[in-house]
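Colleague: the following comprises the amino acid sequence and a computationally predicted model.
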Amino acid sequence: MLFWSQQGACSNSEAAYRQKSILVRRGPLACAVLVCVTPGVHAQDATPGILATLDVTQRLEWSDNPDLDVDGDSDFYGRTILGFGLESVTSIQNFALNLGTDIEEFRDTNDKNFDFDNSFARLDYSRATRNASVGGNLRYRQSDVDGDFTFTDQDFDQDSNIITQTEGTRKVFGYALRGAVGEEAPLGASFDWDYNEINFEDTDDFDNTLDQFSGQVDFRIDPRVTLSLTGRYLDFDTEDPDGTDRKEKDIGLASEFAVTPILTLDARLSYTDIERRGGTNQDDDGISGEIGVTREMPNGTLGLRYASEVFANTDGRRSFLAVSRNMDLPLGALDVSVGVTGADAVGSDPLIEANYRYDLPAAQLTFGLSQRVVVDDQDNEDINTSLRAAYDQEINPVSSFGVSLSFFDRNALDDDEDDAQRIEIGLNYRHDLTEDWGVVSGISYTALDEEDGDDRDRTTIFVGLQRSFSLLR
């Protein structure tokens, strides 16, 4: 398994569109060694047909500090949440279009009666046959920030770096293209290209772009042995005069060997060159290596992995070691990885990755913990921790409630950067009036703590109606 970034999806918190990803990442702004792979959903796994849905929610909200300001005022206002989805599935291809936006109505702090927020659009297409596949996406998201600092789930960019925005509007545009041929043939090849652009308006923040391409050629010598030629190119560019542009090039050889039917060994050796210009002017090159072993267990797998990577930090290198275990449980599943990462300038730090699901006849409990090492555009190293827990309970056939907890922590490894934490707790209730109509209500609490900054918190209460329309089926 190579340390290549896999991209996330733009989505607003009300109509989330999520894409599972490989948790082993590396890029200009992030790298982590924790191993947990979730396979993608292919067209063959979905029910063929065309489905179009429109979700409309109208809520009344009260918040004592809706913009999460230091000395924010309370406000009572309306919010309309619109979401549209179109999906077409055949035996070999999948097309999906998702659109959404929030409309805030009659905010005291807004000169306009209506204000669009958290607008997003995403187009996905994939086509897969037995021996080849192609896919890609287009994505756009606009977010408005009124407070002095943001630190939320949606502010994690696709490399797990936290976007810190002072105010104004953030527009994110991206596209991706991937393909593979000879997936079951003696000779195969694959590539993955992704571009992401962030533009800021009415703020002191600076635009940046991330363009990355990876590819490999696979030689399946026999059913047990695969050799691969690998390559990767990355270009990160920031408009920040104090920021650092980065170019990374990597070419190498990887192998996978099935020692026994239940034991697999994989390794990678590559030459990596990193060029940094701007706030930091430094060139790092050398050999990056990785080795891992995976053993099939009666109810899952057990793995051990070590990597030493040329890295965009002060030392120019960072090492990782992790043990992973995933298990199928009678009423759920558990994936966990425990490891350590180290660099000479900042020492060693633990890294933990865990995902747990517990299913009951009328309820579900989920838990997730993720830690990533990232390098921002000013060459500051952080360990970002994300913890999520949720419990959903069906009270009866027409009523349900849910409780959620999320915690985000930025641990700055450099002395000149501040730590920050954010916690959010939510409780929601839904009651179906008819097959299409439902009453929704809830309360949420958010608290933000930034080192050398002012603490702030927010409580929000809402109640409203939700309607789901099936336009095509």
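Modeller: Perfect, thanks for sending it.
Colleague: what's opposite the residue in the chain sticking out farthest from the centre in the beta bridge?
Modeller: Each residue of the chain has a distance to the centre, and by C-alpha atoms, centre = their mean the biggest one is for Asp222: 35.7 Å. Beta bridges link Asp222 to Val225 when assigned by DSSP bridges.
Colleague: with Asn384 instead?
Modeller: Assigned bridge partners for Asn384, using DSSP bridges, are Arg372, Arg410.
Colleague: and what of Gln216?
Modeller: Ser190, Thr230.
Colleague: swap in Ala390?
Modeller: Beta bridges link Ala390 to Thr366, Ser404 when assigned by DSSP bridges.
Colleague: before we move on, the earlier item: so how far is Leu265 from the residue farthest from the centre of the chain?
Modeller: 15 Å (C-beta to C-beta, to the nearest Å). Yep, even glycine has a C-beta here, placed from its N, CA and C like the rest.
Colleague: now do Tyr429
Modeller: 51 Å.
Colleague: Val374 contacts Arg410, correct?
Modeller: No. If you go by C-beta atoms under 8 Å, Val374 and Arg410 don't touch, sitting 9.0 Å apart.
Colleague: the more surrounded of the two?
Modeller: Neighbours were counted for Val374 and for Arg410 using other C-beta atoms under 10 Å; Val374 has more, 24 against 21.
Colleague: and the helix or strand where the more buried one lies, what does it pack against?
Modeller: Using DSSP states H and E, Val374 falls within strand 363-375. Packing contacts for strand 363-375, counted by 3 or more C-beta pairs under 8 Å, 6 or more residues apart in numbering; DSSP states H and E, involve strand 30-32, strand 347-360, strand 381-396.
Colleague: dump those strands to JSON lines, plus mean pLDDT, mean neighbour count and distance to Gly279.
Modeller: Converted to JSON lines, the helices and strands packed on strand 363-375 look like this (pLDDT from 0 to 100; neighbours: other C-beta atoms under 10 Å; distance: least, C-beta to C-beta, whole Å):
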{"stretch": "strand 30-32", "mean pLDDT": "36", "mean neighbour count": "24", "distance to Gly279": "18"}
{"stretch": "strand 347-360", "mean pLDDT": "92", "mean neighbour count": "16", "distance to Gly279": "23"}
{"stretch": "strand 381-396", "mean pLDDT": "91", "mean neighbour count": "17", "distance to Gly279": "14"}
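Colleague: where does the prediction get shaky in the stretch 101-250 of the chain?
Modeller: Within the stretch 101-250 of the chain, the ranges that satisfy pLDDT under 70 run 145-167.
Colleague: just put the helices and strands packed on strand 363-375 in CSV and tack on distance to Asp419.
Modeller: Output for the helices and strands packed on strand 363-375, formatted as CSV (distance: least, C-beta to C-beta, whole Å):
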stretch, distance to Asp419
strand 30-32, 18
strand 347-360, 13
strand 381-396, 9
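Colleague: closest to Ile291 out of those?
Modeller: Using C-beta to C-beta as the measure, strand 30-32 is the one of the helices and strands packed on strand 363-375 that comes nearest Ile291, at 16.7 Å.
Colleague: could you give me the average pLDDT of the very next helix or strand once past that closest one?
Modeller: On the C-terminal side of strand 30-32, the nearest following helix or strand under DSSP H and E is strand 49-63. Regarding strand 49-63, the rounded mean pLDDT is 94.
Colleague: contacts for strand 49-63, please.
Modeller: Identification of contacts with strand 49-63 by C-beta atoms under 8 Å, 6 or more residues apart in numbering yields 14-15, 74-89, 440, 458-473.
Colleague: so of those residues, which ones are in strands?
Modeller: 75-89, 440, 458-472 (DSSP state E).
Colleague: can you go through those residues and name the buried ones?
Modeller: For the ones in strands among the contacts of strand 49-63, a burial check counting by 16 or more other C-beta atoms under 10 Å picks out 75, 77-89, 440, 458, 460, 462, 464, 466.
Colleague: which residues touch Asn110?
Modeller: Taking C-beta under 8 Å, 6+ apart, we find Asn110 in contact with Glu104.
Colleague: what distance do you get for it to Asp144?
Modeller: For Asn110, the distance to Asp144 - C-beta to C-beta - is 10 Å.
Colleague: hang on, the earlier thing: now the strand holding Val374: how far from the chain's centre is it?
Modeller: Using C-alpha atoms, centre = their mean, to the nearest Å, the mean C-alpha position of strand 363-375 is found 10 Å from that of the whole chain.
Colleague: now the angle from it to strand 381-396?
Modeller: 170 degrees (axes from the mean of the first three to the mean of the last three C-alpha atoms, to 10 degrees).
Colleague: list the buried ones in strand 363-375?
Modeller: So, applying 16+ other C-beta under 10 Å, buried residues of strand 363-375: Gln364, Leu365, Thr366, Phe367, Gly368, Leu369, Ser370, Gln371, Arg372, Val373, Val374, Val375.
Colleague: list the contacts of Leu427.
Modeller: Contacts of Leu427 (C-beta under 8 Å, 6+ apart): Phe401, Gly402, Val403, Ser404, Gly442, Ile443, Ser444.
Colleague: secondary structure element for it?
Modeller: strand 420-432.
Colleague: phi and psi next, for Asp67.
Modeller: The phi/psi pair for Asp67 (degrees, to the nearest 10) reads phi -100, psi 0.
Colleague: tell me, how many residues neighbour it?
Modeller: 18.
Colleague: that one and Glu104 touch, don't they?
Modeller: No. Using C-beta under 8 Å, Asp67 is not in contact with Glu104; the gap is 10.9 Å.
Colleague: contacting residues around the host helix or strand of Asp285?
Modeller: Element membership of Asp285, judged by DSSP H and E, is strand 282-297. Residues outside strand 282-297 that contact it (C-beta under 8 Å, 6+ apart) are 1-3, 35, 250, 252, 261-276, 301-312, 316-317, 325, 327.
Colleague: buried residues in that strand, which are they?
Modeller: For strand 282-297, by 16+ other C-beta under 10 Å, it's Asp284, Ser288, Gly289, Glu290, Gly292, Thr294.
Colleague: stretch 88-108 too?
Modeller: By 16+ other C-beta under 10 Å, the buried positions in stretch 88-108 come out as 88-89, 93-105, 107.
Colleague: with only the CA atoms kept, save it in PDB.
Modeller: The C-alpha coordinates for stretch 88-108 follow below in PDB (Å, rounded to 0.1, in the frame of the first residue of the first chain):
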ATOM      1  CA  SER A  88     -28.400   6.600 -12.400                       C
ATOM      2  CA  VAL A  89     -27.100   3.000 -11.900                       C
ATOM      3  CA  THR A  90     -26.500   0.300 -14.500                       C
ATOM      4  CA  SER A  91     -24.600  -3.000 -14.200                       C
ATOM      5  CA  ILE A  92     -21.300  -1.300 -15.200                       C
ATOM      6  CA  GLN A  93     -21.700   2.400 -14.500                       C
ATOM      7  CA  ASN A  94     -22.800   4.900 -11.900                       C
ATOM      8  CA  PHE A  95     -23.700   8.600 -12.400                       C
ATOM      9  CA  ALA A  96     -24.500  10.800  -9.400                       C
ATOM     10  CA  LEU A  97     -25.300  14.500  -9.100                       C
ATOM     11  CA  ASN A  98     -25.700  16.200  -5.700                       C
ATOM     12  CA  LEU A  99     -26.700  19.800  -5.100                       C
ATOM     13  CA  GLY A 100     -27.500  21.700  -1.900                       C
ATOM     14  CA  THR A 101     -27.600  25.000  -0.100                       C
ATOM     15  CA  ASP A 102     -28.700  26.600   3.200                       C
ATOM     16  CA  ILE A 103     -30.800  29.800   3.100                       C
ATOM     17  CA  GLU A 104     -30.700  32.000   6.200                       C
ATOM     18  CA  GLU A 105     -33.700  34.300   6.600                       C
ATOM     19  CA  PHE A 106     -34.100  37.500   8.600                       C
ATOM     20  CA  ARG A 107     -30.700  37.500  10.400                       C
ATOM     21  CA  ASP A 108     -30.200  40.700  12.500                       C
END
